[in-house]
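Visitor: output the structure for:
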Amino acid sequence: MVLSRLISIIDRVRPPLEAHAHCDLPCGVYDPAQARIEAQSVKGCMDKFQASDDHDFKARAILIKEERCELVKHHLWVLWTDYFKPEHLAKVPDLNDLVSPATEKAGEAKKTNDPAVAQQLLDVIDEVAAAFAATKA
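Guide: Modelled structure (predicted):
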């Protein structure tokens, strides 16, 4: 309560400046590398699943893989909702066609233990990363 009043007084004496940024925070906090790291974990889990005969190990690999797939989707959606803005379409016209298929591929990876699907996920994340890089330049 006291802090709120103090801030109000300061704002009346010296009005706050308006900040302009195309994303929620000044750039530097968003990066598709987070999604790629999780996707690499997905592929690693699938590779280890394929190489193992231990049913308990396979169950753990599936659990970890599914958690990592959710994290891939989370990181991609954060980019889509918090970083990418309409002005980025000028630099990357097919931006709308990149993120949704990437998240769908993460969902597909949850349903399988085929490392080829995980590689496809990595490939589509690389496309999102290229779009991201094009908008940062």
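Visitor: any weak-confidence spans in this protein?
Guide: 18-28, 137 (pLDDT under 70).
Visitor: can you show me the strands along it?
Guide: Secondary structure of the chain (DSSP state E): no strands present.
Visitor: grab the longest helix from it for me.
Guide: Counting residues, the longest helix found in the chain (DSSP state H) is helix 55-78.
Visitor: how many neighbours does Lys105 have?
Guide: Residue crowding around Lys105 was assessed by other CB atoms under 10 Å; the count is 22. Glycine gets a C-beta too; all of them are placed from N, C-alpha and C.
Visitor: check contacts around the residue lying closest to it once chain neighbours are set aside.
Guide: Nearest residue to Lys105 in three dimensions, chain neighbours excluded: Leu121, at 4.6 Å (CB to CB, 6 or more residues apart in numbering). Residues near Leu121 by CB atoms under 8 Å, 6 or more residues apart in numbering: Ala39, Val42, Lys43, Val72, Ala102, Lys105, Ala106, Glu108, Ala109.
Visitor: gap between Leu121 and Lys91?
Guide: 24 Å (CB to CB, to the nearest Å).
Visitor: what does stretch 34-45 contact?
Guide: 61-62, 64-65, 68-69, 71-72, 75-76, 79, 102, 106, 109, 115, 118-119, 121-122, 125-126, 128-129.
Visitor: ok now that stretch, how far from the chain's centre?
Guide: 11 Å (CA atoms, centre = their mean, to the nearest Å).
Visitor: ok, stretch 109-125 next?
Guide: The answer for stretch 109-125 is 15 Å, by CA atoms, centre = their mean.
Visitor: list the buried residues for that stretch?
Guide: Within stretch 109-125, the residues that qualify as buried by neighbour count (16 or more other CB atoms under 10 Å) are Ala109, Lys110, Asn113, Pro115, Val117, Ala118, Gln120, Leu121, Leu122, Val124, Ile125.
Visitor: thank you, goodbye.
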